[in-house]
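J.: just a sequence and a predicted model for now, questions to come.
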Amino acid sequence: MKLSRVVPVVACLTMLTSAPGAVQAETELAVRGLLDLGLASSVQGLALNRLTMGDSNFDPYRLRLFVDARVSPTLELHVQTIFHEGLSALRADGAYALYTPWPGRDFSIEAGKIPLFVGTYAPRTYSDGNSLVGTPLLYQYRTALLWDDVMLDADQLVQHAGQGQADPSRPYLPVVDERWWDTGAAIIGSIRPFEFSAGVVQGSPSWPSPGPDNTPGMSLAGRLGLVPFTGIRIGVSGADGTWMAAAFSPALPAGAKFRDYHETTLMADAELARGPLELRGEAVHRRWETIATGDLEVDGGYAEARWVLSCGGWLAFRAEALRFSDIVTSSGVRPWDDGVDRWEAVAGYRVTHDVRAKTGFQRTAHLPFNARRTLDDMVFAQLGIKF
């Protein structure tokens, strides 16, 4: 059965299995919003931070609206929409049901167009949870691998090196796409000192498929975390599934199937909070199995720090990198895509409980093969307002 059929069934089951007495309880409805206003000094810097859906954390404006409904003590419904520059109407980023069979226990089932449940960045994707402004490269930066075109050989692939983020007209794949939620179902919760999540999605972490299933097959994903002491958190995540488009079918070797070509993700995360200091980081190893260019791999990660000031402000810094595996071309051995580094520093201030102001500097360094690195700098400011 396709996942697009499974999800509505799961949602119906959650409603049917809610406590009988709770079904008659009055629905609690909350509507809230988050408005981000931004200024940036560099058009190129904005392009380098562009997400798959065309928006950026540095856009002049971006409005998110959230609708949260509790229809019983065990069942919640959540809808998230977004409006930004270049978008003519509100778009639903997420719409899912959250079922908690045992109130008081940290165990839930979610189904629908659900948030990412690998890694630890998802809660910080919003400006009120992100000490900086930019999205980490591993969740945002698009590689040279195209989703809609079979690369016939390594030479053709490396012609696209460094072009993924520069060309918004083509579906180049990021490492993990946090911005684009997928259709799926997952369990999430914790049993001290452990945290856990596990589930299935229709697409893959680099190319979600929330509408028609245009990536035949599914992906399994999950995370296991440990909180041994207050302020310390570590974990590992993984995902495995198919990623290629159905249009690749004519290029498959005789007897091969889409399910023979996997996209595999391994991640590790760690956090430390002690007094005014917070440290966190994530590392990723990703492999795409391809028809004509073998296994394409990328390693990367980020480390960030925040120091909270007594006046209500903070200072934050992030350093990150992506490095790509070697591939054999007609002219020799070289990485299949250009490496990239990024540094970002921010000074922030909590104006009120619901208003945060940030200003900072970002530098992105490109490392093309057999050429000098190039630098793109950007100064920026952002005002985030919750309402």
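T.: Sure, I can see it.

J.: which stretches of the protein aren't confidently modelled?
T.: Scanning the chain for pLDDT under 70 picks out 1-25.

J.: where do the helices of it begin and end?
T.: Here the chain has its helices, by DSSP state H, at 3-16, 43-48, 137-140, 154-158.

J.: for Leu51, phi and psi?
T.: Main-chain dihedrals, Leu51, degrees, to the nearest 10: phi -90, psi 170.

J.: change the start of the numbering to 560 and stick with it
T.: Let's use 560 as the start, then, which means that last one is Leu610.

J.: quick one: contacts for the closest residue in space to it that isn't next to it in sequence?
T.: Of all residues not flanking Leu610 in the chain, Arg738 sits nearest, at 4.3 Å (C-beta to C-beta, 6 or more residues apart in numbering). C-betas here are computed from N, CA, C, even on glycine. By C-beta atoms under 8 Å, 6 or more residues apart in numbering, Arg738 lies in contact with Leu610, Thr611, Met612, Asp614, Thr684, Thr694, Tyr698, Gln699.

J.: out of those, the closest to Val938 would be?
T.: When the contacts of Arg738 are compared for distance to Val938 (C-beta to C-beta), Thr694 comes out closest, at 17.9 Å.

J.: burial count for that closest one?
T.: Thr694 is flanked by 22 other residues according to other C-beta atoms under 10 Å.

J.: check contacts around the nearest residue to it once chain neighbours are set aside.
T.: Nearest residue to Thr694, sequence neighbours excluded (C-beta to C-beta, 6+ apart): Asn616, at 6.0 Å. Applying C-beta under 8 Å, 6+ apart to Asn616 gives the contacts Asp595, Gly597, Asn608, Leu610, Ser686, Asn689, Val692, Gly693, Thr694, Gln941.

J.: strands of the stretch 710-859 of the chain, start to end?
T.: 731-733, 741-750, 753-760, 778-785, 791-801, 821-833, 836-848, 854-867 (DSSP state E, counting those that start in this stretch).

J.: of those, which is nearest Gly814?
T.: strand 836-848 (15.8 Å).

J.: so for the closest one, what gets flagged as buried?
T.: Residues of strand 836-848 classed as buried by neighbour count (16 or more other C-beta atoms under 10 Å): Glu837, Arg839, Gly840, Glu841, Ala842, Val843, His844, Arg845, Arg846, Trp847, Glu848.

J.: wait, Gln603 sits on Asp936?
T.: No: Gln603 is beyond contact range of Asp936, at 9.2 Å (criterion: C-beta atoms under 8 Å).

J.: any idea how far Gln941 is from Arg664?
T.: Separation of Arg664 from Gln941 (C-beta to C-beta, to the nearest Å) stands at 38 Å.

J.: dump the residue contacts of the residue nearest to Ser763 when sequence neighbours are not counted.
T.: What sits nearest to Ser763 in space, not counting adjacent residues and going by C-beta to C-beta, 6+ apart, is Trp802, at 4.2 Å. Taking C-beta under 8 Å, 6+ apart, we find Trp802 in contact with Trp706, Leu732, Gly762, Ser763, Ser765, Trp766, Thr774, Tyr820, His821, Glu822, Trp847.

J.: now, among the residues you listed, which is nearest to Gly790?
T.: Comparing the contacts of Trp802 against Gly790 with C-beta to C-beta places Ser765 closest, at 32.2 Å.

J.: with adjacent residues omitted, what lies nearest to the closest one?
T.: In space, and not counting its chain neighbours, Ser765 is closest to Leu732: 4.5 Å by C-beta to C-beta, 6+ apart.

J.: pull the number of nearby residues for the one you found.
T.: Count around Leu732 with other C-beta under 10 Å applied: 23.

J.: what about it, distance to Phe920?
T.: On the measure of C-beta to C-beta, Leu732 and Phe920 end up 29 Å apart.

J.: now do Arg846
T.: 34 Å.

J.: one more: Leu675?
T.: In terms of C-beta to C-beta, Leu675 sits 28 Å off from Phe920.

J.: can you check Asp627 too?
T.: Applying C-beta to C-beta to Asp627 and Phe920 gives a distance of 36 Å.

J.: make JSON lines out of the buried residues of strand 836-848 and add distance to Pro727.
T.: Below are those laid out as JSON lines (distance: C-beta to C-beta, whole Å):
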{"residue": "Glu837", "distance to Pro727": "33"}
{"residue": "Arg839", "distance to Pro727": "30"}
{"residue": "Gly840", "distance to Pro727": "29"}
{"residue": "Glu841", "distance to Pro727": "25"}
{"residue": "Ala842", "distance to Pro727": "28"}
{"residue": "Val843", "distance to Pro727": "23"}
{"residue": "His844", "distance to Pro727": "27"}
{"residue": "Arg845", "distance to Pro727": "22"}
{"residue": "Arg846", "distance to Pro727": "26"}
{"residue": "Trp847", "distance to Pro727": "21"}
{"residue": "Glu848", "distance to Pro727": "26"}
